[in-house]
Every structure is written in structure tokens, then in C-alpha cells.
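1. Test case, fold it:
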Amino acid sequence: MENNVSKSQIKVLIKNNIRQYTMFIALISIMIIFSAINIKFLSPRNISTLFLQTGYIAILTCGIVLVIVAGHIDLSVGAVVGLTGAIAAKLMVTMGLPMWLAIVLTLVAGLVIGIWQGAWVAYGNVPGFIVTLAGMLIFNGLLLLVTKGGATINFSQEFKLIGQGYLPTLFVENNVNDMIPHDTTLIILIASLIVYIIFEIKKRSERKKYNFHVLSVKMFVLKIALVSILISTVLGVMALYKGMPYSILIVIIIAGVYTFITNNTAFGRHVYAIGGNKEAAKLSGINIKFRTLMIFASMGVLGAAGGIVYGARVGSASSSAGAGMELDVIAAAIIGGTSTMGGEGTIAGAVIGALVMGTLENGLLLVGVSTEARMIIKGLVLLLAVFVDIKTRKSKG
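-> This next block holds a predicted model:
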């Protein structure tokens, strides 16, 4: 009897969360395949490189989730990354401003860009597709203007640490050869596990309080154990190299803040309501225009944050920065479970989606797959993700 109950619960769990499990299965499968082809794929060095390459995409994906959930799209992401990165370079290198002030002003520039686009969508009633398509052209033009026709501006070593550096150790020094774990990363690992377990227990108790369906104790413990193993594996591998990169710490902070916003604030609930049923949201008293403005303002700020991390990662600002990046960001969000029809999507799923895209790119590059073949494969993965989205929607309907 207990066996049947467990099987029944597993079926319900998979049916209700098919997209999330598909995403996790895809990520694990990709890792297994690439590690079987090339043993270096799962080396601490390569995993660390993978996370450094994924950081800025994950930051941008957190913003694009809200945009897509609300039923809009942003095609200007790559152009905003390039422009804001160039603004940061201009402020620090050309004008000689302190790094902290240049970063603040760059984020403000991103906010202005977001408000500009959001105003056209919310109050001008121009579709987001058109507004951001125009924005892509405008910001690429401004990028050429800032870089004076395409000149490359190199960042200082101090600034590069944001995209290339690692957190320092607290107690015991380590290097890549001694296999002594990075103590700061281990502390973050333990803290992450504690926060995750407390969050899941609290969420379960709240669901029981309102008589919602919850997993049995055994299934609940199994779920926590599996996710904890995944977290421990990822952070544990990083701890065996140089530790956690600064960019990943930024991703964790942003993802945590946006998870709280989407799950625990009126604004977050309003975003999902707008994407789920705009007319019903309007009738319930939600100020759709102002919320839309806020969504694009948020995307502008995260676009600037992504531009800062990306610029620090590559070490310079140039006219080609951010080119085509919007495709990777949108693909990561959709692969992570954000519905193209609006109303559905999570920050955690989007970050995992960014990791799936980064893992795919890193693994294909490692095994020597050509650029054109990588583009074809990523396109097919995106197509499959949208197909799963449509099928899932029909099944739920």
C-alpha cells in the first residue's frame, strides 16, 4: 500500500512539475554525456570556467523572466549590455571616476533605459517587441557613439575582478594543486543548505495550513536530499578549485532578491496576474501600466548589471559587446520553464536554464564542435523547450 502511495505521489509530482524536472534531467544528461566524451568536463577548473561564463547570462535572465511572464519580450538586452558596459568604461577610464561611482552611474543609466522603453510600452501602447527592436538599433548606435566608431576601451585590473576574480579565503589559504577546499565557499555551501532546508520546511507547513497538497514525509525528505546533493556537488567542485567567483555571488544575491519579490510581494503577484489574464488583472484593480513600467525599469537595471559583469569578464568594452546575447537570455528563460504565453516562470528555473545553455555551449566547445553546429544545436534545444511549453499548457488546460 505504501509503495502504491509513493508511486502515486511520484506521478503527481512529475505531472505538476514536468517542465522543472525536464530541465533538471536535461542538465544532468548534458553533463553526463560531455563528461563521458571528455573527462576534463567535470574538472574543477572547467566547472569554474563554466560558471564564470554563465554569470552575466543568469543575471539578465532574472530580469527577462518578469518581462516574459507579464506577456512582453525584450530584444534589446544585448544592446543594453554593450552600451552600459561602454558607459562604465567611459566613466572609469576616460573620465577617471572612482569604480564604485562609475558602477552606480551605470546602473542609473540602465534604469533610465528601462523606464524609457517601459513608458513606450505601458503608456504609449506600443508592443514591447517593436519598442525593444527599435531600442536594439538605438542603443547599438549609441554604443558606436560612446566608443567613437568601435574603439576598444580596456578596463582596470581592479574592475576585472568582478567578472574574473574569486572570493578570498577566510582562514586557510589554498591553491589549485593542494586540493585543500576553499573555506569561504564551504561556508557559503553550508549556509545555502540551511537556508534551502528552512525555506522548504516553511513552504510545506504553509501549504498544510491552507490544506494544499503536500508530499509525504518520505518524498519530502527525498526531494530535499536530492537538491542538497546537487547544491553540494556544484559548490563542492568550486571549492576544490579557486572557490566561488564574485560574479556567481552577485547572481546568488540577485536571484535571491528576485525570488523573494516574485513569491512574497504584491508586485510579484501582480506580474503573474497580468501575464495570466490581463483583463481579470485590470478588473481586480491592478495598475497594469505602472507595473509594466516597473518591469521594464527592472530589466534596464539588470541589463546594466549584466553589462558590468560581462565587461569585467572580457576585460574591455567594444562595439561588438553583447551582440546576439538577447537570444541566449531569452532561450535560457524559456528552457528554464518560463512560458512564452505569459503567466508562468520562476527565477530559480531561469537560472538553471542559463546553466543549461552555458553547459551546452561549454561542453560543445570542449569537444571541438564548430561554431555553426553549436548554433544549430542551441536552436533545436530552444525549439524543443517551446514545444514542451505548448504541450504542457494543453495538458493543463
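2. Walking through the stretch 51-200 of the chain, point out its helices one by one.
-> Listed in chain order, the helices of the stretch 51-200 of the chain (DSSP state H, counting those that start in this stretch) span 77-89, 99-122, 128-146, 157-164, 183-209.
3. Tell me the buried residues in the next helix or strand after the longest one?
-> From helix 183-209 onward toward the C-terminus, using DSSP states H and E, the following helix or strand is helix 217-239. Burial within helix 217-239, assessed by neighbour count using 16 or more other C-beta atoms under 10 Å, is assigned to Met219, Ile224, Ser228, Val234, Leu235, Gly236, Val237, Met238, Ala239. Every C-beta, even on glycine, is put in place using the N, C-alpha and C of the backbone.
4. do the same with stretch 79-94
-> Result for stretch 79-94 [16+ other C-beta under 10 Å]: buried residues 79-93.
5. rewinding a little: would you tell me which one of the helices of the stretch 51-200 of the chain is buried the most?
-> With neighbours taken as mean count of other C-beta atoms under 10 Å, these reach their highest mean count in helix 77-89, at a mean of 29.
6. relative to helix 128-146, how tilted is it?
-> Angle of helix 77-89 versus helix 128-146, following axes from the mean of the first three to the mean of the last three C-alpha atoms, to 10 degrees, is 30 degrees.
7. Just the CA atoms of helix 77-89, as CSV, please.
-> Taking C-alpha atoms only, helix 77-89 is exported to CSV below (Å, rounded to 0.1, in the frame of the first residue of the first chain):
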residue,chain,number,x,y,z
VAL,A,77,19.1,43.0,-23.9
GLY,A,78,22.4,42.5,-25.8
ALA,A,79,22.5,46.2,-27.0
VAL,A,80,21.9,47.4,-23.4
VAL,A,81,24.7,45.2,-22.1
GLY,A,82,27.1,46.6,-24.8
LEU,A,83,26.0,50.2,-24.2
THR,A,84,26.1,50.1,-20.4
GLY,A,85,29.5,48.3,-20.4
ALA,A,86,30.8,51.1,-22.7
ILE,A,87,29.4,53.7,-20.3
ALA,A,88,31.1,52.1,-17.4
ALA,A,89,34.4,52.1,-19.3
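8. For that helix, name the packing helices and strands.
-> Counting contacts by 3 or more C-beta pairs under 8 Å, 6 or more residues apart in numbering; DSSP states H and E, helix 77-89 packs against helix 44-69, helix 99-122, helix 128-146, strand 153-154, helix 288-314, strand 316-317, helix 325-335.
9. I'd like the helices of the stretch 51-200 of the chain as a markdown table, with distance to Leu52 and mean pLDDT appended.
-> What follows is these, written out as a markdown table (distance: least, C-beta to C-beta, whole Å; pLDDT from 0 to 100):
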| stretch | distance to Leu52 | mean pLDDT |
| --- | --- | --- |
| helix 77-89 | 16 | 94 |
| helix 99-122 | 19 | 96 |
| helix 128-146 | 24 | 94 |
| helix 157-164 | 7 | 92 |
| helix 183-209 | 14 | 89 |
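10. Please name whichever of the ones you listed is nearest to Gly358.
-> The closest of these to Gly358 is helix 157-164. By C-beta to C-beta, the value is 14.3 Å.
11. residues in contact with the closest one?
-> 52, 55-56, 88, 92, 99, 245-247, 250, 308-315 (C-beta atoms under 8 Å, 6 or more residues apart in numbering).
12. Let's see that with 7 Å instead.
-> Contact with helix 157-164 is made by Met92, Met99, Tyr246, Ser247, Ile308, Val309, Tyr310, Ala312, Arg313, Gly315, as judged by C-beta atoms under 7 Å, 6 or more residues apart in numbering.
13. rewinding a little: would you format the buried residues of helix 217-239 as JSON lines with pLDDT and distance to Leu137 included?
-> Converted to JSON lines, these look like this (pLDDT from 0 to 100; distance: C-beta to C-beta, whole Å):
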{"residue": "Met219", "pLDDT": "80", "distance to Leu137": "51"}
{"residue": "Ile224", "pLDDT": "89", "distance to Leu137": "48"}
{"residue": "Ser228", "pLDDT": "89", "distance to Leu137": "47"}
{"residue": "Val234", "pLDDT": "83", "distance to Leu137": "39"}
{"residue": "Leu235", "pLDDT": "87", "distance to Leu137": "41"}
{"residue": "Gly236", "pLDDT": "87", "distance to Leu137": "45"}
{"residue": "Val237", "pLDDT": "84", "distance to Leu137": "42"}
{"residue": "Met238", "pLDDT": "86", "distance to Leu137": "39"}
{"residue": "Ala239", "pLDDT": "87", "distance to Leu137": "44"}
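14. sorry, back to before: for the helices of the stretch 51-200 of the chain, which one sits closest to Leu383?
-> Among the helices of the stretch 51-200 of the chain, helix 128-146 sits nearest to Leu383 (C-beta to C-beta), with 19.1 Å.
15. For that closest one, output the C-alpha coordinates as CSV.
-> In CSV, the C-alpha atoms belonging to helix 128-146 read as follows (Å, rounded to 0.1, in the frame of the first residue of the first chain):
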residue,chain,number,x,y,z
GLY,A,128,7.2,45.5,-26.5
PHE,A,129,8.5,43.6,-29.5
ILE,A,130,8.6,46.9,-31.5
VAL,A,131,9.8,49.1,-28.7
THR,A,132,12.8,46.8,-27.9
LEU,A,133,13.5,46.1,-31.5
ALA,A,134,13.8,49.9,-32.0
GLY,A,135,15.8,50.0,-28.8
MET,A,136,18.2,47.5,-30.1
LEU,A,137,19.0,49.8,-33.1
ILE,A,138,19.1,52.9,-31.0
PHE,A,139,21.4,51.5,-28.3
ASN,A,140,23.7,49.9,-30.8
GLY,A,141,24.0,53.3,-32.5
LEU,A,142,24.7,55.0,-29.1
LEU,A,143,27.3,52.2,-28.4
LEU,A,144,29.2,53.2,-31.6
LEU,A,145,28.9,56.8,-30.5
VAL,A,146,30.3,56.2,-27.0
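16. what angle separates that helix from helix 99-122?
-> Using the same axes, to 10 degrees: helix 128-146 against helix 99-122 is 140 degrees.
17. Low-confidence regions, the stretch 151-300 of the chain specifically.
-> 176, 178 (pLDDT under 70).
18. From the contact counts, what lies against the host helix or strand of Ile390?
-> Assigned by DSSP H and E, Ile390 falls within helix 371-396. Here helix 371-396 touches helix 18-37, helix 325-335, helix 347-366, going by 3 or more C-beta pairs under 7 Å, 6 or more residues apart in numbering; DSSP states H and E.
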